[in-house]
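Peer 1: Structure, please.
(one chain, ligands or ions: 1)
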Amino acid sequence: MLLKPFMREGLFPLPVTFISTVSPAGVRNIAPYSCIMPVLRPLDLICVASAFKRDTLANVRETGEFVVNMAGADLADKVIPTAKHTPPDVDEFELAGLSEKPSEAVRPPGIAGCYAWMECERVTLHEEASYVLIVGRVLRLEAADEVMGADGGLDIEKARPLLMTGSRTGMSYCTLKNLDRKDPFAAMFPDGKDPVETLHE
Ligand SMILES: Cc1cc2nc3c(=O)[nH]c(=O)nc-3n(C[C@H](O)[C@H](O)[C@H](O)COP(=O)(O)O)c2cc1C
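Peer 2: Here you go, the predicted structure:
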């Protein structure tokens, strides 16, 4: 089947994260963001693609801070309430019936009930005609103890990360299945040594 090029996100599931920010006046904002990725291992940078008409972008521009909240499948019913266009003076925690998880490194609060939180500061805004890439530095990264496995990795059966794929008829939500197969990072290097292994200690 041939698909229209813009349907890229129909073919690989994207994470559904919720980005929380506060306006300079102190109004709390939440928006789902799926166009998000880490910038290379082992950097502490994260890149978010944003359209221009976003209170999230305005808040990041003005305050330099945001929290990326990683949601489990149980939060799928919070996607539409936080994705709907809402005037910037509306508190979206109240609107969506979500509670705060206080942040330590930045002013915007995280969202209680998510399984992990990245507290970020803006590093750069790369602006093009129709989008902005927000590059942020993760100042503090926390995960709920109960979703972490013994090896310090995510227990996906406990976290049940919320993902989505897009199609002609909308967003289909999904989560992950463990293949019970693992490779060490070191396996991809010719000398069998992971050059950044010590960073994990
Ligand atoms: C699952 C999902 C993922 C989304 N991902 C993005 C995204 O990566 N970038 C973006 O600019 N908008 C994205 N949106 C749209 C915004 O969430 C939506 O426009 C929202 O109202 C913006 O809120 P704000 O104005 O409070 O920032 C997404 C919407 C949904 C439902």
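Peer 1: ok, which residues in the protein are in contact with the ligand?
Peer 2: Selection of the chain residues close to the ligand by CB under 6 Å from any ligand atom yields 16, 29, 31-35, 49-51, 54-56, 79, 83, 85, 164, 171. C-betas here are computed from N, CA, C, even on glycine.
Peer 1: and these, which are buried?
Peer 2: The neighbour count (16 or more other CB atoms under 10 Å) marks 16, 29, 31-34, 50, 54-56, 79, 83, 164, 171 as buried among those.
Peer 1: can you redo the residues you listed as TSV with secondary structure and pLDDT?
Peer 2: Formatted as TSV, the entries for these read as follows, by DSSP: H, G, I helix; E, B strand; the rest coil; pLDDT from 0 to 100:
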residue	secondary structure	pLDDT
16	coil	98
29	strand	98
31	strand	98
32	strand	98
33	strand	98
34	coil	98
50	strand	98
54	coil	98
55	helix	98
56	helix	98
79	helix	98
83	helix	98
164	strand	97
171	strand	96
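Peer 1: Residue 135 touches residue 120, doesn't it?
Peer 2: No - applying CB atoms under 8 Å, one finds residue 135 not in contact with residue 120, separated by 9.5 Å.
Peer 1: Overlap of the contact sets of these two?
Peer 2: Listed contacts common to residue 135 and residue 120 are residue 46; contacts here mean CB atoms under 8 Å, 6 or more residues apart in numbering.
Peer 1: got the residue ranges for the helices in the protein?
Peer 2: Ranges of helices within the chain are 55-63, 79-83, 92-96, 156-159, based on DSSP state H.
Peer 1: so which of those is the most packed in?
Peer 2: helix 55-63 (a mean of 19; mean count of other CB atoms under 10 Å).
Peer 1: so what's residue 2 up against?
Peer 2: Neighbours of residue 2 in contact, by CB under 8 Å, 6+ apart: none.
Peer 1: Please tell me how far it sits from residue 11.
Peer 2: Plainly put, residue 2 is 12 Å away from residue 11 if you go by CB to CB, to the nearest Å.
Peer 1: same thing with residue 77?
Peer 2: In this structure, residue 77 and residue 11 are 25 Å apart, going by CB to CB.
Peer 1: Does residue 99 touch residue 110 like I think?
Peer 2: No - Residue 99 lies out of contact with residue 110 (CB under 8 Å); the separation is 10.0 Å.
Peer 1: more neighbours, these two?
Peer 2: Residue environment comparison for residue 99 versus residue 110 gives the larger neighbour count to residue 110, 25 against 11, counting by other CB atoms under 10 Å.
Peer 1: Pairing partners for that one in the sheet, please.
Peer 2: Applying DSSP bridges to residue 110 yields these beta-bridge partners: residue 101.
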